[in-house]
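Peer 1: Okay, structure incoming, though there's no sequence with it:
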């Protein structure tokens, strides 16, 4: 073998080693990039979010003996993110303020006169939200960061909220004119439609990092596996307690005329909704229970009315079941009707009392899970 051939072999060996080394380096960089996006070396921020540790209580309740309910499936409602706010100008900042105020006001259970610190606790809740702290490079004004934050309001069907640590030391919803030293994002882990999933979480991480870059912040992203476990656990609770109780009124004679029913139901305290349903208002923008005519809006008559109680969304103090049954009994003589179940079997007082006892047990289970019926937590999860 000549010296030239030996040189060629040696050069080829060096080239092969170089290629292998380069590929290994590219593989290492790609792996580190993925680890940065979907994992964190920080403590579990779901357990240690904000100024003080927040203990999470995992909901593990399961109804062994389900209520004899008339279940009406809850159709997932498509939601879309709001339009991107305008550029950071005086007009843009004002628009951002309005949008943020609307987000707070529309949150179930949050009242306009509620202290900002209490609003913050309900906006970003460690029991039902995945908490993601965002470390700021320095103090930031609300009007500067709101346009960027408002780009990220939903991921899939899960709402996202932001709160900030004000320079006065209190956590509050981020508003125009406020100055904040820390931020915290919260994405809801579950709804009636399902649990936060891997694709939604991946999208959240990507979009949140882009927003964080705009405002000069660094998000501390929790581990995906732990977040998915939290989300599935919470959704099991939601699915196990998504109870809707219904009773029906059946005419003893001819079907009722819709035109006659409208006036009668309004005199009974019902409000007419755009979807054709009737609701007994609770005085705070919600409903104690609803009533359906079970026909289309253009129908002239109906032979069935259904009164429906969304059990987890009505506080026990309102006695939604008792109010619904009292209303049904008041309508019986006025409509010449009989209270029946879904199989058209009459519901005597004894059966109604048994159901009432099961409703009380249901409320106790929700209370033990720290998600009381009718609370902000329950309304967010079951709305």
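Peer 2: Nice, I can see it. Keep in mind it's a predicted model, so treat the numbers as computed, not measured. Residues are numbered from 1 along each chain as shown.

Peer 1: can you map out the helices along the stretch 51-200 of the chain?
Peer 2: 90-105, 116-123, 142-149, 198-215 (DSSP state H, counting those that start in this stretch).

Peer 1: Tell me if I'm right that residue 279 and residue 266 touch.
Peer 2: No - look at residue 279 against residue 266 with C-beta atoms under 8 Å: they stay out of range, at 11.4 Å. All C-beta spots, glycine's among them, are computed from the backbone N, C-alpha and C.

Peer 1: who's more crowded, the two?
Peer 2: residue 279 (17 against 12; other C-beta atoms under 10 Å).

Peer 1: Tell me the secondary structure at the nearest residue to residue 296 once chain neighbours are set aside.
Peer 2: Closest residue in space to residue 296, ignoring its immediate chain neighbours: residue 276 at 7.8 Å, by C-beta to C-beta, 6 or more residues apart in numbering. What DSSP: H, G, I helix; E, B strand; the rest coil gives for residue 276 is coil.

Peer 1: What are the neighbouring residues in contact with residue 210?
Peer 2: Residues in contact with residue 210 (C-beta atoms under 8 Å, 6 or more residues apart in numbering): none are found.

Peer 1: Report how many residues lie close to residue 214.
Peer 2: 14.

Peer 1: any idea how far it lies from residue 265?
Peer 2: For residue 214, the distance to residue 265 equals 52 Å [C-beta to C-beta, to the nearest Å].

Peer 1: now residue 185
Peer 2: In terms of C-beta to C-beta, residue 185 sits 44 Å off from residue 265.

Peer 1: cool, residue 247 as well?
Peer 2: Taken as C-beta to C-beta, the span from residue 247 to residue 265 is 15 Å.

Peer 1: The two - which one has more neighbours?
Peer 2: residue 247 (25 against 20).

Peer 1: Quick check: which element contains that one?
Peer 2: Element membership of residue 247 [criterion: DSSP states H and E] is strand 244-251.

Peer 1: Quickly list the domain ranges of the protein.
Peer 2: As recorded under automatic domain parsing, the domains making up the chain are 90-240, 244-382.

Peer 1: same question for the last one, mean pLDDT?
Peer 2: In this model, domain 244-382 has an average pLDDT of 94.

Peer 1: gap between the two ends of it?
Peer 2: End-to-end span of domain 244-382 (C-alpha to C-alpha, to the nearest Å): 11 Å.

Peer 1: what do you get for stretch 338-345?
Peer 2: Start-to-end, stretch 338-345 (C-alpha to C-alpha) is 9 Å.

Peer 1: Now it: buried residues?
Peer 2: residue 339 (16 or more other C-beta atoms under 10 Å).

Peer 1: which residues touch the nearest residue to residue 334 once chain neighbours are set aside?
Peer 2: Closest residue to residue 334 apart from its sequence neighbours, by C-beta to C-beta, 6+ apart: residue 264 at 6.4 Å. Contacts for residue 264 (C-beta under 8 Å, 6+ apart) come out as 331, 334, 335.

Peer 1: Might you report the residue contacts of the last one?
Peer 2: Put plainly, it is residue 335. 249, 251, 256, 264, 305.

Peer 1: okay, residue 214: pLDDT?
Peer 2: Residue 214 is assigned 96 on the pLDDT scale.

Peer 1: do the same with residue 241
Peer 2: pLDDT, residue 241: 96.

Peer 1: Show me the contact partners of the strand ranked longest in the chain.
Peer 2: Longest strand of the chain, by residue count under DSSP state E: strand 129-141. Around strand 129-141, the neighbours that count as contacts under C-beta under 8 Å, 6+ apart are 45-46, 49-50, 54, 124, 161, 167, 177-189, 196, 201, 208, 212, 215-222, 227, 230-231.

Peer 1: make it 6 Å
Peer 2: 45-46, 49, 179-181, 183-189, 212, 216-220, 227 (C-beta atoms under 6 Å, 6 or more residues apart in numbering).

Peer 1: and stretch 217-224, which residues are buried?
Peer 2: 217, 219, 220, 221, 222, 223, 224.

Peer 1: Ignore what I typed, I meant stretch 291-311.
Peer 2: Result for stretch 291-311 [16+ other C-beta under 10 Å]: buried residues 291, 292, 293, 302, 304, 305, 306, 307, 308, 309, 310, 311.

Peer 1: looking at the domains of the chain, which is buried most?
Peer 2: domain 90-240 (a mean of 18; mean count of other C-beta atoms under 10 Å).

Peer 1: Past the strand holding residue 247, which element shows up next along the chain?
Peer 2: In the C-terminal direction, the helix or strand that comes right after strand 244-251 (DSSP H and E) is strand 256-257.

Peer 1: Moving C-terminal from that next one, which element do we reach first?
Peer 2: Trace forward from strand 256-257 with DSSP H and E and the next one is helix 258-267.

Peer 1: Going by secondary structure, residue 380 is in what exactly?
Peer 2: With DSSP H and E as criterion, residue 380 is part of helix 376-382.

Peer 1: which outside residues touch that helix?
Peer 2: Residues contacting helix 376-382 (C-beta under 6 Å, 6+ apart): 108, 109, 122, 128, 192, 238, 312, 313, 371.

Peer 1: ok, which pair from the residues you listed is furthest apart?
Peer 2: Longest distance between any two of the contacts of helix 376-382 is 18.8 Å, between 122 and 192; criterion C-beta to C-beta.

Peer 1: so how far is residue 226 from residue 232?
Peer 2: 11 Å.

Peer 1: ditto for residue 135
Peer 2: 20 Å.

Peer 1: re the thing from before, tell me which entries of the buried residues of stretch 217-224 lie within strands.
Peer 2: Using DSSP E, the members of the buried residues of stretch 217-224 that fall in strands are 217, 219.

Peer 1: could I get the buried residues of stretch 217-224 as JSON lines with distance to residue 284 and pLDDT?
Peer 2: Shown next, in JSON lines, are the buried residues of stretch 217-224 (distance: C-beta to C-beta, whole Å; pLDDT from 0 to 100):
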{"residue": "217", "distance to residue 284": "35", "pLDDT": "97"}
{"residue": "219", "distance to residue 284": "35", "pLDDT": "97"}
{"residue": "220", "distance to residue 284": "36", "pLDDT": "97"}
{"residue": "221", "distance to residue 284": "36", "pLDDT": "97"}
{"residue": "222", "distance to residue 284": "34", "pLDDT": "97"}
{"residue": "223", "distance to residue 284": "38", "pLDDT": "96"}
{"residue": "224", "distance to residue 284": "37", "pLDDT": "97"}
